[in-house]
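Participant: Task: produce atomic coordinates for the following.
(one chain, ligands or ions: 1)
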Amino acid sequence: MNIRTNFIAPDYGRSFDLWREQCLTPWHDYTHHPFVEGMKDGTLPRAAFLNYLRQDYLFLIHFSRAWALAVVKAGNLAEMQAASATVHALLHFEMALHVEICEGEGITRAELEAAEEAPANMAYTRYVLEAGFSGDFLDLLAALAPCIMGYGEIGARLLQEAGDTPYRNWIETYGGNEFQKLCRDTGALIDRAITDRLGPEPDTRPGWSRLCRHFTNATRLEIGFWGLGQA
Ligand SMILES: Cc1ncc(C[n+]2csc(CCO)c2C)c(N)n1
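Facilitator: Purely as a prediction, here's the structure:
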């Protein structure tokens, strides 16, 4: 008997909730993309997954640069430490883990380094960097949030809903406790940064719509990134 459970999204904080609520259609298209559903039921072609991994190596490099910019744009020592810890984790652990996963799939480091960056990949990471360069710490966090929380939500749902699939490792990485905690911690960092700067009712402040726009645009760019698998 196949009993469908109703997935309840994990709680990653108030700001994330508000941002997610104001772009539910793109958010759904991102978190329920055919690529994601293909990982869930195991029908995603391996070639698509490998294309995604090759592009993700380049993505992670520029994503690390964006978190390094967050150190620069931070407003106090605690924010600098949080952003710096993410940069360190990305450069010293996530990159090595990614190379290891790729090697396990038969993609060599040389192949990763030689990969040509797809325009949709460029668009995404440079959009996030530009949000940070021309904006402030909150602009940057709003553009960074969909990447982390989206994978957290996808991982949590697939852990609950997925059947037998060759992508179980991926699902367990993002659905697992360690990554879920990272999502909650990032949500807390964002909530604190927003309250410090915009007060208790941030969604009534003039800068709020710009933050919503960055969150929505990064979500739309994540949808495009899944499409790179098919390339
Ligand atoms: C296109 C794309 N979007 C999101 C992620 C997820 N992600 C990137 S870095 C990181 C850890 C944050 O410190 C997570 C969860 C990805 N890999 N590729």
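Participant: Just the element for Cys102, please.
Facilitator: Using DSSP states H and E, Cys102 falls within helix 95-104.
Participant: in that helix, what's buried?
Facilitator: 95, 98-99, 101-102 (16 or more other CB atoms under 10 Å). Where C-beta positions appear, they are placed from N, C-alpha and C, glycine not excepted.
Participant: Output the residues you listed as CSV; include the columns distance to the ligand and pLDDT.
Facilitator: Below are the buried residues of helix 95-104 laid out as CSV (distance: CB to the nearest ligand atom, whole Å; pLDDT from 0 to 100):
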residue, distance to the ligand, pLDDT
Met95, 10, 94
His98, 8, 94
Val99, 13, 94
Ile101, 11, 92
Cys102, 12, 95
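Participant: just how off-centre is the helix holding Cys102 within its chain?
Facilitator: Mean-position distance between helix 95-104 and its chain equals 18 Å (CA atoms, centre = their mean, to the nearest Å).
Participant: what helix or strand does the closest residue in space to His33 that isn't next to it in sequence sit in?
Facilitator: Excluding the flanking residues, the one nearest His33 by CB to CB, 6 or more residues apart in numbering is Trp226, at 4.3 Å. For Trp226, the element it lies in under DSSP H and E is helix 208-227.
Participant: Can you tell me which helices and strands that helix packs against?
Facilitator: Judged by 3 or more CB pairs under 8 Å, 6 or more residues apart in numbering; DSSP states H and E, the packing partners of helix 208-227 are helix 14-21, helix 24-31, helix 34-41, helix 46-73, helix 119-134, helix 137-161.
Participant: out of the ones you listed, nearest to the ligand?
Facilitator: helix 137-161 (3.9 Å; CB to the nearest ligand atom).
Participant: Enumerate every residue touching the most centrally placed residue in the chain.
Facilitator: Note on the chain: the residue nearest the mean C-alpha position is Cys147, at 1.4 Å, using CA atoms, centre = their mean. Neighbouring residues of Cys147 by CB atoms under 8 Å, 6 or more residues apart in numbering: 63, 218, 222.
Participant: Rebuild the buried residues of helix 95-104 as a markdown table, extending it with distance to Glu111.
Facilitator: Formatted as a markdown table, the buried residues of helix 95-104 follow (distance: CB to CB, whole Å):
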| residue | distance to Glu111 |
| --- | --- |
| Met95 | 15 |
| His98 | 13 |
| Val99 | 11 |
| Ile101 | 13 |
| Cys102 | 8 |
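Participant: Looking at those, which is nearest Arg54?
Facilitator: Closest approach to Arg54 among the buried residues of helix 95-104 (CB to CB): Cys102, at 7.5 Å.
Participant: in terms of contact, does the closest one touch Tyr57 like I think?
Facilitator: Yes - using CB atoms under 8 Å, Cys102 is in contact with Tyr57, at 6.9 Å.
Participant: joint contacts of those two?
Facilitator: Joint contacts of Cys102 and Tyr57 (CB under 8 Å, 6+ apart) are Leu112.
Participant: on that earlier part again, hmm, who's touching the helix holding Trp226?
Facilitator: Applying CB under 8 Å, 6+ apart, the external contacts of helix 208-227 come out as 18-20, 22-23, 26-27, 29-30, 33-36, 52, 55, 59, 120-121, 123-124, 127-128, 131, 135, 138-139, 142-147, 150, 198, 202.
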